[in-house]
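got a predicted model here, sequence first, then my questions.
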Amino acid sequence: MKKWILILRYIVSDWRLARAYRAGDVSSQGGSTHSRFTTDQSLQYIDQVFQEYFSFGNLQAGDVRGAQVLEVGPGDNFGVALRFLTAGADKVTCLDKFYAERDDAHQTKIYRALRDRLTAAEAATFDRIVRWENGAACFDESRLRYLYGVGLEDAGDRLPHGSFDFIVSRAVLTEIPDAERSFRVMDQLLKPGGRMLHKIDLSDYDMLSGLGCPPLEFLTVPEPIWKSMASHAGRPNRRRLGFYRDILQKLGYENRLHIVQLAGHRELSGPGRLRIDSISPALKEELRQIRPRLAAPFRDLPDEELLIADIFMEARKPERQGS
């Protein structure tokens, strides 16, 4: 009964968000990550996200020099974009479907603290991009552009095709209902040889598991009901690892999908450290018990398709069509 009460609440909240968005309200607290952090915690988070792009993406310092970067879903802070720019990127475009609510005073503390930790050369670049007006940070739009109110799946109409060297995101692709369309758009936006770097959360965002349900309980909800819970609220689309592997194969991309986390586990793993044979017998037994109740799209999937809860994707577009 508790599960279905939760589901009803999610359906109502999704309907309300859809109605607000259609009425032109693109504000949201969903991406206000840094509102929960102290300044030090924000700096640690920015460093972690930026460093993961390098470690999982196997990037070298010179790889981003002069690059055009599209960051999807920056939320309420542009610290990661500034790290790319001070590392040598030419321009970062930050794209968000919603405008994440933010506290300008808190953001200013983060940006000033971020600058204080840079090298002299990086700080000089920072000062060419960031100016201070009435104590708040403002950005040179020729270097750091913020485009909100546009979802990734619609960005092909707003951004020039073949213009980006990198498209990066963290826990965003799982929130896009039409995931296949979003990949077609990213393919249009990337230059030949361009790269995608995405951390993709395959869990339920604690929607049910956070209140005591098993970690795979969200996969038991019938697909039409789940769509009515999640399609407009930035909640998981429930696409599994195989979807991402298949869509990259269709596009002809070289790719690696790193397993970062397993269902029901809080610890995270770095690139190449967690393997599918790390799945414990206890976790497999949990899956065996819940499998008969899984919704139709998931019932016959292999164990690893269901038990992987977090992945990092690195993928490269072919240099030319058919290569």
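In hand now; what should we look at? Predicted, not measured: the structure shown is a model, and the values here were computed from it.

pLDDT weak spots in the stretch 1-150 of the chain?
Scanning the stretch 1-150 of the chain for pLDDT under 70 picks out the ranges 1, 32.

strands of that one, start to end?
27-28, 68-72, 91-96, 99-100, 130-133, 136-139, 144-148 (DSSP state E, counting those that start in this stretch).

now tabulate those in CSV and tack on distance to residue 312 and mean neighbour count.
(C-beta placed from N, C-alpha, C; glycine too.) Below are the strands of the stretch 1-150 of the chain laid out as CSV (distance: least, C-beta to C-beta, whole Å; neighbours: other C-beta atoms under 10 Å):
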stretch, distance to residue 312, mean neighbour count
strand 27-28, 25, 17
strand 68-72, 15, 24
strand 91-96, 20, 24
strand 99-100, 23, 18
strand 130-133, 29, 12
strand 136-139, 28, 16
strand 144-148, 24, 17
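
may I have the residues that are in contact with the nearest residue to residue 239 once chain neighbours are set aside?
Distances taken as C-beta to C-beta, 6 or more residues apart in numbering put residue 179 closest to residue 239, at 5.2 Å, once the chain neighbours are dropped. Residue 179 makes contacts with 173, 237, 239, 243, 247, as judged by C-beta atoms under 8 Å, 6 or more residues apart in numbering.

so which of the residues you listed wins on neighbours?
With neighbours taken as other C-beta atoms under 10 Å, the top of the contacts of residue 179 is residue 173, carrying 23 neighbours.

that one and residue 190, how far apart?
As defined by C-beta to C-beta, to the nearest Å, residue 173 lies at a distance of 15 Å from residue 190.

now do residue 320
Distance of residue 320 to residue 190, computed by C-beta to C-beta: 13 Å.

and if you look at residue 7?
Distance, residue 7 to residue 190, by C-beta to C-beta: 38 Å.

also residue 135?
From residue 135 to residue 190 the distance is 38 Å (C-beta to C-beta).

neighbour count winner among these two?
Counted by other C-beta under 10 Å, residue 135 and residue 190 do not tie: residue 190 has more neighbours, with 25 against 9.

ok, residue 205 touching residue 236?
Yes: between residue 205 and residue 236 there is a contact under C-beta atoms under 8 Å: 5.7 Å.

would you map the helices across the protein?
All helices of the chain, identified by DSSP state H, fall at 2-22, 39-57, 79-86, 104-116, 120-129, 179-189, 223-230, 241-251, 281-290, 303-307.

return the most buried member of these.
Mean neighbours per residue, mean count of other C-beta atoms under 10 Å, is largest over the helices of the chain for helix 79-86, with a mean of 24.
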